[in-house]
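Novice: Curious how this folds, go ahead:
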Amino acid sequence: MPAPTSPADLFRHSLRLLLDKDIPAWVALWAEDGVMEFPFAPDGWPRRLEGKKAVAAYMRHYPDHIDLHDFPELRIHQTTDPQTVVVEMRGVGRLVESDAPFDMTYIAVVTVRDGHFTSYRDYWNPLAVQEPGADFTGSSR
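Specialist: Have a look, this model is predicted:
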């Protein structure tokens, strides 16, 4: 089944893939030149990933560190650009290494072209990565 093409439907589909821990399928939703940004990333964490390969490398070990169970609060807002949505969401699960609860609130600004993510600005709480087991990016902290 092909991935949805509307920004809201593609985003919902991407969350299902994350819950299924299907990172290769999640990465396949990206345009080759897509850019993922983390404006609030702490020192030692990437602030900008350029291209599908960089996104794939960043996400490769995500399920080994964070076991997502649900996105219980999801709000997707359409913008004046029909290809861009603003997403408010909460991800819950557990940190694999410590078995501690994982509970993160996000705001994302996401742009889709031709059924693929081209821009994804992920605003998340940088204090949460201080928890043991949360560091799946190989940061230099």
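Novice: who are the neighbours in contact with the residue nearest to residue 52 when sequence neighbours are not counted?
Specialist: Beyond its immediate neighbours in the sequence, the residue positioned closest to residue 52 (Cβ to Cβ, 6 or more residues apart in numbering) is residue 30, lying 4.5 Å away. Any C-beta I mention is one placed from the backbone N, CA and C, and that applies to glycine too. By Cβ atoms under 8 Å, 6 or more residues apart in numbering, the contact list for residue 30 reads 52, 55, 116-117.
Novice: 10 Å instead?
Specialist: Under the criterion of Cβ atoms under 10 Å, 6 or more residues apart in numbering, the contact partners of residue 30 comprise 14, 36, 49, 51-56, 59, 116-118, 120.
Novice: Specify the beta-bridge partners of it.
Specialist: Legend: beta-bridge partners of residue 30 under DSSP bridges are residue 117.
Novice: what do you get for the one 5 residues further on?
Specialist: Partner residues in beta bridges with residue 35, using DSSP bridges, are residue 50, residue 119.
Novice: Same question for residue 88.
Specialist: Applying DSSP bridges, one finds that residue 88 bridges with residue 75, residue 107.
Novice: which helices and strands does the top helix by length along the chain pack with?
Specialist: Ranked by residue count and defined by DSSP state H, the top helix of the chain is helix 7-19. Here helix 7-19 touches helix 23-27, strand 66-78, strand 84-95, strand 101-113, strand 116-124, going by 3 or more Cβ pairs under 10 Å, 6 or more residues apart in numbering; DSSP states H and E.
Novice: and residue 44, which of the ones you listed is closest to it?
Specialist: Go through these one by one with Cβ to Cβ and the one that ends up closest to residue 44 is strand 116-124, at 15.2 Å.
Novice: how big is the angle separating the closest one from helix 7-19?
Specialist: For the pair strand 116-124 and helix 7-19, the angle between their directions (axes from the mean of the first three to the mean of the last three Cα atoms, to 10 degrees) equals 70 degrees.
Novice: Strand 116-124 vs strand 101-113, what angle?
Specialist: Following the same axes, to 10 degrees, one obtains 140 degrees for the angle between strand 116-124 and strand 101-113.
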